[in-house]
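Enquirer: generate a structure from the sequence data that follows.
(one chain, ligands or ions: 2)
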Amino acid sequence: MEEKPKFKTVQEVVAANEGLPERYLQPLTGGHEDQPLNGPVPEMDIPSIDLSLLLSSSEGRQELSKLHSALSKWGVVQVMNHGITEAFLDKIYKLTKQFFALPTEEKQKYARDIGNVQGYGSDMILSDDQILDWIDRLFLTTYPEDQQHLKFWPEVPTGFRKTLHEYTMKQHAVIEQFFKGMARSLGLEDNVFLDMHGENARMDTRFNMYPPCPRPDMVIGAKPHGDGSAFTLLLPDKDVEGLQFLKDGKWYKAPIVPDTILINVGDLMEIMSNGIYKSPVHRVVTNREKERISVATFCVPSPDKEIQPVEGLVSDARPRLYKTVKKYVELYFDSYQQGTRPIQAALI
Ligand SMILES: O=C(O)CCC(=O)C(=O)O
Ligand SMILES: [Fe+2]
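Expert: Numbering: from 1, shown residues only. Ligands and ions are numbered 1, 2, ... in the order given. A predicted model of the protein is given here:
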């Protein structure tokens, strides 16, 4: 589907001071589930796993079983002792805030092109009646290096590029261990998911900014979605809540746990695990007073890779649930903006 001409970013809408454009208002469907979007929800109960112990032969067992329970129940887990220092994570948060605080003209130097996700800008608009999310973002492919488009990488704030390079390499190590841990937690050989995902798999990092919103009861920061990745490494805002996960038809808020990375399963891991690990639907609600930021890194398989349930997880007792998919991301972007779940299309 073609992208419509670009609209203002949310920060530009706020700066224009012309009131809240109707295009951001969620329609009321009239059902009794019509509650304000920012109503109170319970906190989800997910464990923190210790990444440094996950692959240890002596101490890993307990971590693997926590991982299995979290990913099969929620599709989300907190990861601690991931090898990235708190000081480094603070630097990422600070640079993200500094970037979005730059004047519009400065940020527009990195503006994405129409029809392309790479760069700075608003959410994509694919139809005239699309309801808009209250979010601006900077989207950058960070790995492999030959797929980086450096013209979209901010030169201000100073250190942004260098820090993002470093963050990418640090995350790369976490990703490899996490893939192995997931395989082990399912009783599989360490490399099964890594092999299917591909050695030159991509990493895309998205810096998200949700400005304060005048109508948090009627405007959504990020509409409900599952990620199109294998899994996603997320740094949610350290102070401002907003991220929520859906389980059995109810919303739960993600806890803020200092110094951890939140990892959620994406559609492709759900497919590879033959549905045992769930790609959770999640959304972000807005806040009247405070801006919120987050940094999400999506692990995306090489485009030539075929993704399908791994052999060890298909049996007579557990028949194969998903077709083989390739270049899932392309299919994903279209259906995301229309509010349907692309993973439905992958079901057998
Ligand atoms: O802002 C967040 O906490 C979550 C963002 C998200 O779900 C995404 O970027 O896919
Ligand atoms: Fe997401």
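Enquirer: residues contacting Ile84?
Expert: 167, 170-171, 174, 261 (CB atoms under 8 Å, 6 or more residues apart in numbering). Where you see a C-beta, it was placed from the backbone N, CA and C, and this is true even at glycine.
Enquirer: how would you label it: helix, strand or coil?
Expert: coil (DSSP: H, G, I helix; E, B strand; the rest coil).
Enquirer: who's in contact with the nearest residue to Leu243 once chain neighbours are set aside?
Expert: Of all residues beyond its chain neighbours, the one nearest Leu243 is Ala254 (4.3 Å), with distances taken as CB to CB, 6 or more residues apart in numbering. Going by CB under 8 Å, 6+ apart, Ala254 touches 43-44, 76, 236, 241, 243-245, 262, 282.
Enquirer: what distance do you get for Ala254 to Leu132?
Expert: Computed as CB to CB, to the nearest Å, the Ala254 to Leu132 distance reads 23 Å.
Enquirer: can you give me the buried ones in stretch 326-334?
Expert: 328-329, 331-332 (16 or more other CB atoms under 10 Å).
Enquirer: my bad, stretch 12-26
Expert: 13-14, 24.
Enquirer: just checking, which of the contacts of Ile84 belong to helices?
Expert: Among the contacts of Ile84, the ones falling in helices (DSSP state H) are 167, 170-171, 174.
Enquirer: from the residues you listed, which is closest to Phe99?
Expert: Tyr167 (13.7 Å; CB to CB).
Enquirer: show me what contacts the nearest residue to the closest one once chain neighbours are set aside?
Expert: Counting by CB to CB, 6+ apart, Ile92 is the residue found nearest to Tyr167 once chain neighbours are left out, at 5.9 Å. Applying CB under 8 Å, 6+ apart, we find Ile92 in contact with 163, 167, 235, 295.
Enquirer: tabulate the buried residues of stretch 12-26 (CSV), appending pLDDT, secondary structure and distance to Val219.
Expert: CSV is the format used below for those (pLDDT from 0 to 100; DSSP: H, G, I helix; E, B strand; the rest coil; distance: CB to CB, whole Å):
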residue, pLDDT, secondary structure, distance to Val219
Val13, 95, helix, 11
Val14, 95, helix, 12
Tyr24, 95, helix, 5
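Enquirer: quick check: Leu28 vs Arg283, distance?
Expert: In terms of CB to CB, Leu28 sits 17 Å off from Arg283.
Enquirer: of those two, give the one with the bigger neighbour count.
Expert: More crowded of Leu28 and Arg283, by other CB atoms under 10 Å: Arg283, with 18 against 8.
Enquirer: pairing partners for the strand or helix carrying that one, with directions?
Expert: In this assignment (DSSP states H and E), Arg283 forms part of strand 282-285. Note on strand 282-285: by DSSP bridges, its sheet partners are strand 220-225 (antiparallel), strand 243-247 (antiparallel).
Enquirer: adding mean pLDDT and mean neighbour count, write those strands out as JSON lines.
Expert: JSON lines is the format used below for the strands paired with strand 282-285 (pLDDT from 0 to 100; neighbours: other CB atoms under 10 Å):
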{"stretch": "strand 220-225", "mean pLDDT": "94", "mean neighbour count": "20"}
{"stretch": "strand 243-247", "mean pLDDT": "97", "mean neighbour count": "20"}
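Enquirer: of all the ones you listed, which lies closest to Ser302?
Expert: Between the strands paired with strand 282-285, strand 220-225 lies closest to Ser302; by CB to CB that is 23.0 Å.
Enquirer: for the stretch 101-250 of the chain, which residues are neighbours of ligand 1?
Expert: Within the stretch 101-250 of the chain, the positions lying close to ligand 1 (CB under 6 Å from any ligand atom) are 206, 208, 222, 227, 234, 236, 243.
Enquirer: same thing but 8 Å
Expert: Residues of the stretch 101-250 of the chain found near ligand 1 (CB under 8 Å from any ligand atom) are 135, 137, 206, 208, 210, 221-222, 225, 227, 232, 234, 236-237, 242-243.
Enquirer: A helix includes the residue nearest to Tyr167, no?
Expert: Yes. When three-state DSSP is applied, Ile92 is found to be in a helix.
Enquirer: can you show me the helices along the stretch 1-150 of the chain?
Expert: 10-16, 51-54, 60-73, 86-100, 104-108 (DSSP state H, counting those that start in this stretch).
Enquirer: of all these, which one is nearest Tyr120?
Expert: helix 104-108 (5.3 Å).
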